[in-house]
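Q: Return atomic coordinates for the entry below.
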Amino acid sequence: MGKLLCDSGACAEALTPSPAPVGWSDLDPVPVAASSPDPAPWDGVRGLEDQQRRHLARIHARGVLWKNPSEGPAAVAVGFRLEHGGDVEADGNCLFTAARSAMGGKVGARELRQRTVGRFLEDYRRDDGVGKRVVDAAIRHLYLPDLRVGWGIHVVQEVKLLAKRADRSGLDAAIQELVDLGLQREVAAESIYKERCMVVDDGESWGKYMSISGVPEDEYDIITLQYTEEGLLTVDENRDGRAAAFGDDIAIESLATEFKREVYVVQAHGSDAMVDEENCVFFLPHRPRGQICEPPIFLFMKGTGWCGAGGDHYEPLMATPIPLISQEKAAVVL
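A: Residues are numbered from 1 along each chain as shown. A predicted model of the protein is given here:
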């Protein structure tokens, strides 16, 4: 699952580039098949409308053309055929699970998450302060939104808090005390969690949040407060500690930086997004902070409308190199 910012390059431009290890050697590339393209490659993918299938099939048949922007005008164009890489579990780790599959590697999703967070924190801590303020503002917008505004766009807004697992029994006792005094459970929980838990409002707290993968080794649990314009809607207390931090644009940019590869999120929007078939698929680039040394990674999102922009689940796209195709014949030029 994931969140997308309106300006996906803002954080990448804000942080000072730092040398990142080229991790491609850790990964095994997917063997290139010599077979002819599947005439109906998207028919078996669930949750797509006809216009999405037709457009994605055209992209598969004609391929996409990519040039390494780090090489400038002399860059040689490379063609790729994109195929759906299969479903991944919708457990909050799907960005990293999908990225692992798309890269054809043996590195686990949790290790990818840890390397992504580590890359972000190293770059964030190296910054002179100006970039940090830009990044912190983006993080607050995502995880500690101003509940006085934004209701023309969002029906429900969320505030993310981090509760130390070691403190959960104490938090429960404090909530129960307020309930015994006559407060409703959710009101009491909101009060205690807001008072005693960590907000996600800067790069350091984002690093703690994005490290959470919903496993027993996590230090923190995610608490989610949901609001409507009228006030508190629900409190997700995550009692079993299995909630994982959804990947966002900041995480994608840091993943790109760690592996020195562009990451393209390919969104296929449905008819309720009020777009025609020719415009129902979008390629959203996320560039690394620094040099690009390897081919891009492609991830897929099924969008059903503009609310959320499909930004709730990532799936892998497998990029198979194809013989050189001209710019005129390619379905998409990146």
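Q: Check the gap between the nearest residue to residue 68 once chain neighbours are set aside and residue 59 for me.
A: Spatially, and ignoring its direct neighbours in sequence, residue 68 is nearest to residue 75 (4.8 Å; CB to CB, 6 or more residues apart in numbering). The C-beta positions use only the backbone N, C-alpha and C, and glycine is treated the same way. Per CB to CB, to the nearest Å, residue 75 is found 21 Å from residue 59.
Q: List the contacts of residue 220.
A: 162-165, 198, 208-209, 211-212 (CB atoms under 8 Å, 6 or more residues apart in numbering).
Q: Adding neighbour count and pLDDT, write those out as TSV.
A: TSV is the format used below for the contacts of residue 220 (neighbours: other CB atoms under 10 Å; pLDDT from 0 to 100):
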residue	neighbour count	pLDDT
162	22	98
163	21	98
164	15	97
165	12	97
198	16	98
208	18	98
209	23	98
211	21	97
212	23	97
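Q: And for residue 200, the neighbour number?
A: Neighbourhood size, residue 200 [other CB atoms under 10 Å]: 23.
Q: Same check on residue 284?
A: 18.
Q: same question, residue 141
A: 15.
Q: follow-up on the earlier one: check contacts around the residue nearest to residue 68.
A: Contacts of residue 75 by CB under 8 Å, 6+ apart are 67-69.
Q: The protein: helices as residue ranges?
A: 10-14, 50-62, 94-102, 109-126, 130-143, 168-180, 185-196, 203-210, 249-259 (DSSP state H).
Q: Of all these, which one is nearest residue 82?
A: Residue 82 lies closest to helix 50-62 among these, at 6.1 Å (CB to CB).
Q: roughly how far out does the closest one sit from the chain middle?
A: The chain centre lies 24 Å from the centre of helix 50-62; the measure is CA atoms, centre = their mean, to the nearest Å.
Q: quick one: average confidence on it?
A: On average, the pLDDT along helix 50-62 is 90.
Q: Contacts for that helix, please.
A: The contact list for helix 50-62, computed with CB under 8 Å, 6+ apart, reads 37-38, 40-43, 45, 48, 81-83, 268-271, 276-278, 280-281, 302, 325, 329-332.
Q: Which of the residues you listed are buried? Put it as a PyMOL command.
A: Here is the PyMOL selection string for the buried members of these, based on 16 or more other CB atoms under 10 Å:
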select buried, resi 37+41+42+45+48+81+82+83+268+269+270+280+281+302+325+330+331+332
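Q: Low-confidence stretches in the chain?
A: Scanning the chain for pLDDT under 70 picks out the ranges 1-39, 272-275, 303-311.
Q: Please enumerate the strands of the stretch 151-300 of the chain.
A: 157-164, 198-199, 220-228, 231-236, 247-248, 263-269, 281-286, 297-303 (DSSP state E, counting those that start in this stretch).
Q: For the buried ones among the contacts of residue 75, write the corresponding ChimeraX selection.
A: Buried residues within the contacts of residue 75, by 16+ other CB under 10 Å, are selected in ChimeraX with:
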select :67,68
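Q: Out of the contacts of residue 75, which comes closest to residue 251?
A: residue 69 (21.2 Å).
Q: Go ahead and confirm that closest one touches residue 285.
A: No: the pair residue 69 and residue 285 fails to qualify as a contact (CB atoms under 8 Å) at a distance of 9.2 Å.
Q: hey, what's in contact with both of the two?
A: With CB under 8 Å, 6+ apart, residue 69 and residue 285 have common neighbours residue 262.
Q: got CSV for the helices of the chain, with distance to residue 296 too?
A: Shown next, in CSV, are the helices of the chain (distance: least, CB to CB, whole Å):
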stretch, distance to residue 296
helix 10-14, 15
helix 50-62, 14
helix 94-102, 9
helix 109-126, 16
helix 130-143, 23
helix 168-180, 41
helix 185-196, 40
helix 203-210, 22
helix 249-259, 9
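Q: Out of those helices, which one sits most buried?
A: helix 249-259 (a mean of 27; mean count of other CB atoms under 10 Å).
Q: how far off helix 130-143 does it point, in degrees?
A: 130 degrees (axes from the mean of the first three to the mean of the last three CA atoms, to 10 degrees).
Q: and helix 249-259, C-alpha only, in CSV?
A: This file holds the C-alpha atoms of helix 249-259, laid out as CSV (Å, rounded to 0.1, in the frame of the first residue of the first chain):
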residue,chain,number,x,y,z
ASP,A,249,6.9,8.8,-2.6
ILE,A,250,9.8,9.6,-0.2
ALA,A,251,10.4,5.9,0.2
ILE,A,252,10.3,5.3,-3.5
GLU,A,253,12.8,8.0,-4.1
SER,A,254,15.1,6.6,-1.4
LEU,A,255,14.7,3.1,-2.9
ALA,A,256,15.7,4.6,-6.3
THR,A,257,18.7,6.3,-4.7
GLU,A,258,19.9,3.1,-3.0
PHE,A,259,19.9,1.2,-6.2
